[in-house]
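Trainee: the following comprises the amino acid sequence and a computationally predicted model.
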2 protein chains.
Amino acid sequence: MADSQQRLEAIIARLKENDCKLTPQRLAVAAILAESEGHPSVEKIYEQLKDDFPTMSLATVYRNVMLIKSLGEALELAFPDGSNRYDGNKPYPHPHAICIHCKTIIDLDLAGLQDLTKEVADETGFEIVTHRMDFFGVCSACRGRK
Amino acid sequence: MADSQQRLEAIIARLKENDCKLTPQRLAVAAILAESEGHPSVEKIYEQLKDDFPTMSLATVYRNVMLIKSLGEALELAFPDGSNRYDGNKPYPHPHAICIHCKTIIDLDLAGLQDLTKEVADETGFEIVTHRMDFFGVCSACRGRK
DNA sequence: TTTGCTGCAAATAGTTTGCAGAGAC
DNA sequence: GTCTCTGCAAACTATTTGCAGCAAA
């Protein structure tokens, strides 16, 4: 989609801004993050790139994902099972629905979220900076399959 | 508080139910989880127990925390930075507010949560089983300190 | 040319496991 | 007495780092 193309350009712009060199490996990682098809893990990104870059090292993927994350252009989603998945397409916090069977992750857009954040701020006296909201369940496809 | 005493008994009951032996180490871990003062990490639990059980092994803490968690009597809170903290006092999913400076974790009770879960179910077709909701920010104490 | 990036391999951190002896029931 | 649990150490996994050569600007 055109959307991911725009995201890629945004990430590249941010990299240039910070005087980072645009190596082929880095651009490839950025491209996958920009698309974020299925919210890939580092391992997934690595596997996707191995074909195009046979000498590609896992460490390089880690370094570039971390770099892009630290520039605020990718969202890290850490899960209790220790797996980390990334979203460079919507790099701001947003709710997800995760299927506990097929591990599919769906982005959500919830109306009540703004109010909820305010409620938290009022209740706790916290200055809320960010949040993490995941709903775990069984997607309709997996439910049919069972 | 009396609350944590009750929780401890509930955990012990569950352990017996599952034919688990009540070793002193296991009871000590259960007691700390029942209280869950500050939502302790495995490391924290270990440190608290080292005085009473000088030979206590970290592995034993891990094993017992995992056991109690798997019996549904403790909630695991995994964070992006890789740290895990546990709540055996309220072992069901509930929202938290986490101070990004002092790492304090506060339990929340949000009115809008039920509606939100329903909204997600309707929007996605998922059968929601559980959720994870954390708000990160700066607590009033840390804000004053700055 | 300069500086940062990559690939490799080794290091690290957090967690898990195998095993033999100890202890709960 | 039986069978699970514990402590220790080793194994493991995911991630990070040091270094020498390579490549982008």
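Mentor: The structure has been received and is ready for your questions.
Trainee: get me the contact residues on chain A for DNA strand D.
Mentor: Proximity of chain A to DNA strand D, by CB under 7 Å from any atom of the strand, involves residues A:21-24, A:42-43, A:58-59, A:62-63, A:66, A:82-84. (C-beta placed from N, C-alpha, C; glycine too.)
Trainee: are any of those residues buried, and which?
Mentor: A:42, A:84 (16 or more other CB atoms under 10 Å in any protein chain shown).
Trainee: restrict the residues of chain A next to DNA strand D to those near DNA strand C?
Mentor: A:21, A:23, A:59, A:63.
Trainee: doesn't the last one belong to a helix?
Mentor: Yes: with DSSP: H, G, I helix; E, B strand; the rest coil as the criterion, A:Arg63 is located in a helix.
Trainee: returning to that earlier point: looking at the ones next to DNA strand C among the residues of chain A next to DNA strand D, which is nearest DNA strand D?
Mentor: Nearest to DNA strand D among those, counting by CB to the nearest atom of the strand, is A:Ala59 at 3.3 Å.
Trainee: ok, now which ones touch the closest one?
Mentor: With contacts taken as CB atoms under 8 Å, 6 or more residues apart in numbering or on different chains, A:Ala59 has no neighbouring residues.
Trainee: return the distance of it relative to A:Val42.
Mentor: Using CB to CB, to the nearest Å, we find A:Ala59 at a distance of 10 Å from A:Val42.
Trainee: please apply the same query to A:Val65.
Mentor: 6 Å.
Trainee: what is in contact with these two at once?
Mentor: Joint contacts of A:Val65 and A:Val42 (CB under 8 Å, 6+ apart) are A:Tyr86.
Trainee: is A:Val42 in contact with A:Leu58, as I believe?
Mentor: Yes: shown here, A:Val42 and A:Leu58 form a contact pair, counting by CB atoms under 8 Å, at 7.3 Å.
Trainee: what about the helices in chain A?
Mentor: Secondary structure of chain A (DSSP state H): helices at A:2-17, A:24-35, A:42-50, A:58-70, A:113-124, A:140-145.
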